[in-house]
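**Student:** Let me see the structure of the following:
(one chain, ligands or ions: 1)
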Amino acid sequence: MKAEKKRLESLHIVFTSAFDGYLHLAPIDWSPQRVLDIGCGTGTWCIEMADSYPGAEVIGVDLKAFQPFLVPPNLSFEIDDVEEEWTWNRSFDYIHARYMAGTICDWPRLIRQCFDNCISGGWVEFQDMDSIYVAHEASVSKEGRILQWLAYSCNINDLSELAIHLDSTFAQWMHGAGFINIHIVKRVLPLDVLAEDLKSEGGLYSETQLHGGPSDMNRESFEDAPGWASGQVDAFIDDIRRDHPSVTLYTVYGQKPIHE
Ligand SMILES: C[S@@+](CC[C@H](N)C(=O)[O-])C[C@H]1O[C@@H](n2cnc3c(N)ncnc32)[C@H](O)[C@@H]1O
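**Tutor:** Residues are numbered from 1 along each chain as shown. Predicted coordinates for the structure are as follows:
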C-alpha cells in the first residue's frame, strides 16, 4: 500500500507537470458547485482541486480507503464502486477520472453515468497514458526496438497486446453518450528527460515504474531469453537509450449539451 501510494503521488506530479501545472484542461466555470473525482486514489488531486476552488464541494470516490483524514473542509471521500449504479442525488458541474484506463470493465456504461450525473453545460474529463512507448523521433526501426524492449520487460509475447491508444476511443465513447465539444490534448514525454527533471521528487522514474526505463532496464528479462548473449543485451540497451523512449499522456474532455 505504501509503495502504491508513493507511485500514485509521483504520477500526480507527472500528469500535472505534463499539462503545465493544470489540474484539468476542461474550461470549467470559475465557481463550480460540485466536483467529482472517480477512482481518486490517494486523494491528492482532490485536495488540490478543493484548495483551488474553495467554493466547490469536492467528492473523491474510490474502492479503497487510503485517503488522508486531514483535508480541506470542502472535500469529502466516499468508498464505493463506480461501476455500480450511481446514487448521488445532485448532479456535478465537473467529473474527472485519471489513470483509470485498465481498471474499469465497462467504460461506455461509466461514461453514460457521468453524462446522467452531470449538469447541463457541465464537463467531464479523462486523463490517462498510452500503454506503449514511442521513439522520440519516430522511425520504423526505433519503434520496433522499443516495442521489443517493452515486450520483454512486460513479459508479453504478442506485441499487438501493447498497441493500446485509448484517447480516440474515449472520445468515441463520450460522443456515444451524448457529450459535445470533445477535445483530445496529448503530451509526449521523453522518459529520460522526465527522470532527470523529477530527480528532486525522489526518483520518479523508478517510483512510477513505467514498465522500467532505459536507465533501469529489465535486464534479467533479456538475459533469461534464449539467444541473447550479454554483450548483445548491453548493445541493445544502449540503442534503446539513444532512441529516447517517450510516453504519451492524454486528456479527453467534453461537455454535456446545455438544457439536455
Ligand atoms: C491507478 S489508480 C489512479 C488513482 C488516481 N486517479 C490518480 O490519478 O492518482 C486507480 C484507482 O482507481 C480505483 N478504482 C478502481 N476501480 C474502481 C471502481 N470500480 N470504483 C472506484 N474506484 C476504483 C483504485 O482503487 C485506485 O485507487
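
**Student:** drop to CA atoms for contacts and neighbour counts, all remaining ones
**Tutor:** Fine.

**Student:** In the chain, where is pLDDT below threshold?
**Tutor:** Residue ranges of the chain with pLDDT under 70: 131-147, 149-165, 191-228, 230, 240-245, 260.

**Student:** Around the ligand, pick out the residues from it.
**Tutor:** 8, 12, 39-41, 61-64, 80-83, 97-100, 103-104 (CA under 6 Å from any ligand atom).

**Student:** T251: which element?
**Tutor:** Following DSSP states H and E, one finds T251 within strand 245-255.

**Student:** packing partners for that strand?
**Tutor:** strand 118-135, helix 167-177, strand 180-190, helix 191-197 (3 or more CA pairs under 8 Å, 6 or more residues apart in numbering; DSSP states H and E).

**Student:** List the neighbouring strands of the longest one plus their orientation.
**Tutor:** For strand 118-135, the paired strands and their directions (DSSP bridges) read strand 92-98 (parallel), strand 245-255 (antiparallel).

**Student:** Now those in a markdown table, please, with extra columns for mean neighbour count and distance to K186.
**Tutor:** Formatted as a markdown table, those follow (neighbours: other CA atoms under 10 Å; distance: least, CA to CA, whole Å):
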| stretch | mean neighbour count | distance to K186 |
| --- | --- | --- |
| strand 92-98 | 23 | 14 |
| strand 245-255 | 23 | 4 |
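
**Student:** Reformat these as JSON lines; add distance to D238.
**Tutor:** Converted to JSON lines, the strands paired with strand 118-135 look like this (distance: least, CA to CA, whole Å):
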{"stretch": "strand 92-98", "distance to D238": "33"}
{"stretch": "strand 245-255", "distance to D238": "12"}
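
**Student:** most packed of the helices and strands packed on strand 245-255?
**Tutor:** Among these, ranked by average contacts under mean count of other CA atoms under 10 Å, first place goes to strand 118-135 (a mean of 23).

**Student:** quick one, helices of the chain?
**Tutor:** Ranges of helices in the chain, per DSSP state H, are 2-18, 44-52, 107-116, 140-154, 167-177, 191-197, 204-208, 219-224, 230-243.

**Student:** Now the closest residue to the ligand within the stretch 101-250 of the chain. Its backbone dihedrals?
**Tutor:** Closest to the ligand within the stretch 101-250 of the chain is T103: 5.0 Å, counting by CA to the nearest ligand atom. Dihedral pair for T103: phi -110, psi -10, per degrees, to the nearest 10.

**Student:** got the contact list for it?
**Tutor:** Listed by CA atoms under 8 Å, 6 or more residues apart in numbering, T103 has no contact partners.

**Student:** what about it, distance to P32?
**Tutor:** As judged by CA to CA, to the nearest Å, T103 and P32 stand 28 Å apart.

**Student:** Touching, A56 and W30? I think so.
**Tutor:** No - between A56 and W30 there is no contact under CA atoms under 8 Å: 9.6 Å.

**Student:** which of these two has more neighbours?
**Tutor:** A56 (19 against 10; other CA atoms under 10 Å).

**Student:** Apart from its neighbours in sequence, what residue is nearest the more buried one?
**Tutor:** Distances taken as CA to CA, 6 or more residues apart in numbering put Q33 closest to A56, at 4.5 Å, once the chain neighbours are dropped.

**Student:** That neighbour - how many residues pack around it?
**Tutor:** 16.

**Student:** And for the one 10 residues further on?
**Tutor:** Residues contacting G43 under the criterion other CA under 10 Å number 27.

**Student:** Who's the closest spatial neighbour of it, skipping the chain neighbours?
**Tutor:** Spatial nearest neighbour of G43, excluding adjacent residues (CA to CA, 6+ apart): Q67 at 5.4 Å.
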